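>>> Could you look at this predicted model? Sequence included:
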Amino acid sequence: MSTEFTTHFVNPSTSEDLLLEDDKCSASYMTPYATVIAMAALYLLAIFYFLKNGKKICLPLPDSLHPYQKRLKQLERDLQSYLIAEDGMEVDDYQIGQTDNGFVFRGGVYPKTRNRFNARVTTAVKISFPIVKRSINLLEDALRLSKLEHPNLIRLLGVSELSFTVFRPMIALEWLPGGTLADYFTYSIRAKEDDDRPTVQLKDMLSVIHQISLALKYIHGNLDEFGQELTHGRIIPRNILISDQELKKCHVKLGDFGDDPLPGSVPILAYLPPEILCCSEKVAPHRPENDVWMFDRGLSCPPTCPLDVWTLVTDCLSEAHIRPRFSSTTPALSIPNRVSSLHNSISTSLFLYPTPDISSCSCLEHHCQNIAVYY
């Protein structure tokens with residue numbers, strides 16, 4: 001009885017054919033079309049991942065943001081009613097200025113429901129520097145403004161949602177077309193020739209000062225989160241905004257609250273009072289009397305300055321504990337009341353800048369005589 005063993009062995013030629021067929025099958029998956037499809041699929045997955053998590057990629061490094069995460073979440077909750085969508089705030093290519101925390105651009109905000117009757121509202125937009133501490137300070141500024149409402153204080157109009165989604169703080173503030181008081185004196189007064197230079201009356205400047213004093217009286221009447229009197233900290237001309245280039249009829253507003261210095265540093269700034277510059281603490285506490293010193297610091301007494309005006313100036317520059325207050329227990333002695341009284345009694349013939357008097361001209365070179373120089 002014979003047994004056929006051929007059924008138990010594989011023909012070598014058949015085995016090679018099978019291997020070749022397997023290679024052909026595997027090679028069929030490596031065609032150029034399959035490669036393109038696979039690459040396109042990976043590309044689409046990458047786009048989907050970026051759209052979902054891309055904003056988180058822009059966050060600062062965890063170690064730099066970690067100490068502020070709790071505060072940042074609290075700020076987001078407190079400013080929830082002011083949050084504006086990314087497409088609801090615009091920044092124009094026109095820089096207005098710069099603050100301690102960032103840049104200021106002209107921009108605008110759009111209402112949530114847009115139509116032809118509620119177009120863009122022109123605003124000033126502050127964008128923080130790419131420094132975590134400065135970004136937090138800018139949001140703290142926004143929070144302080146959100147809790148204050150006074151006709152002589154700049155209003156907070158909105159906070160971009162990008163401030164918290166990608167940690168790029170941007171806040172929109174009320175826009176005043178007249179610019180800052182510093183720009184007014186720089187470009188509208190000092191940069192012009194005598195013939196083109198408008199006269200600035202002391203009475204008009206007292207009106208400006210009175211409006212600022214009312215804003216500071218309101219600020220000092222409020223308390224901060226620690227129960228202390230709220231202060232401003234930046235009473236300087238670039239933080240005083242005007243609605244019109246004519247001081248006689250302009251409305252004045254105070255903006256840009258003071259910023260906390262970086263840890264371990266005390267900035268040496270010309271407008272800081274001596275008790276802060278000489279303070280031995282790393283971060284000097286700011287008190288209402290410091291705002292008083294900034295409010296009226298100036299040069300030596302001009303020859304035509306009324307005595308009552310100069311007395312107010314010297315009182316504001318005296319020792320911290322005896323300076324007058326914006327909000328005083330004796331109303332008649334408060335700074336707003338004293339400024340108001342001076343404004344009502346000062347003559348309109350006193351000027352901060354020279355004015356030509358052609359009728360009594362005795363100057364052969366300039367054909368004018370400066371009748372009152374008060375600066």
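Yep, that arrived.

>>> quick one, helices of the stretch 101-250 of the chain?
For the stretch 101-250 of the chain, the helices defined by DSSP state H, counting those that start in this stretch cover 132-146, 162-165, 181-183, 202-220.

>>> worst average pLDDT in those?
Of all the helices of the stretch 101-250 of the chain, mean pLDDT reaches its minimum on helix 181-183 (a mean of 88).

>>> Mind giving me the packing neighbours of that one?
strand 240-242 (3 or more C-beta pairs under 8 Å, 6 or more residues apart in numbering; DSSP states H and E). For glycine as for every other residue, the C-beta is placed from the backbone atoms N, C-alpha and C.

>>> Let me see the residues that make contact with the helix or strand that the strand it packs on is followed by.
Sequence order places strand 252-254 as the next helix or strand after strand 240-242, per DSSP states H and E. Outside strand 252-254, the residues that touch it by C-beta atoms under 8 Å, 6 or more residues apart in numbering are 151-154, 174, 176, 181, 208, 211-212, 215-216, 232, 235, 239-243.

>>> Return the residues in contact with the residue nearest to Phe185 when sequence neighbours are not counted.
Ranked by C-beta to C-beta, 6 or more residues apart in numbering and with sequence neighbours excluded, the top spatial neighbour of Phe185 is Pro237, at 6.9 Å. Each residue near Pro237 by C-beta under 8 Å, 6+ apart is listed here: Thr180, Leu181, Ala182, Phe185.

>>> Dump these to TSV, plus neighbour count.
Below are those laid out as TSV (neighbours: other C-beta atoms under 10 Å):
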residue	neighbour count
Thr180	20
Leu181	21
Ala182	14
Phe185	16
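
>>> Could you export those residues as TSV, including distance to Val125?
Output for the contacts of Pro237, formatted as TSV (distance: C-beta to C-beta, whole Å):
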residue	distance to Val125
Thr180	16
Leu181	21
Ala182	20
Phe185	25
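
>>> so Glu90 sits in a helix?
No: counting by DSSP: H, G, I helix; E, B strand; the rest coil, Glu90 is not part of a helix but strand.

>>> That one against Gly108, yeah?
Yes: contact criterion C-beta atoms under 8 Å: Glu90 and Gly108 qualify, at 5.0 Å.

>>> okay, these two: which has more neighbours?
Between Glu90 and Gly108, Gly108 has the larger neighbour count (other C-beta atoms under 10 Å), namely 19 against 16.

>>> Tell me the predicted confidence for the nearest residue to the more buried one once chain neighbours are set aside.
Closest residue in space to Gly108, ignoring its immediate chain neighbours: Arg120 at 4.0 Å, by C-beta to C-beta, 6+ apart. With respect to pLDDT, Arg120 scores 86.

>>> now Leu241, nearest residue through space, not along the chain?
Leu176 (4.2 Å).

>>> Pretty sure Thr348 sits against Thr199.
No: counting by C-beta under 8 Å, Thr348 sits too far from Thr199 to count as a contact (10.1 Å).

>>> Correct me if wrong, but Ile96 is in a helix.
No: residue state for Ile96 (three-state DSSP) corresponds to strand; a helix is not indicated.
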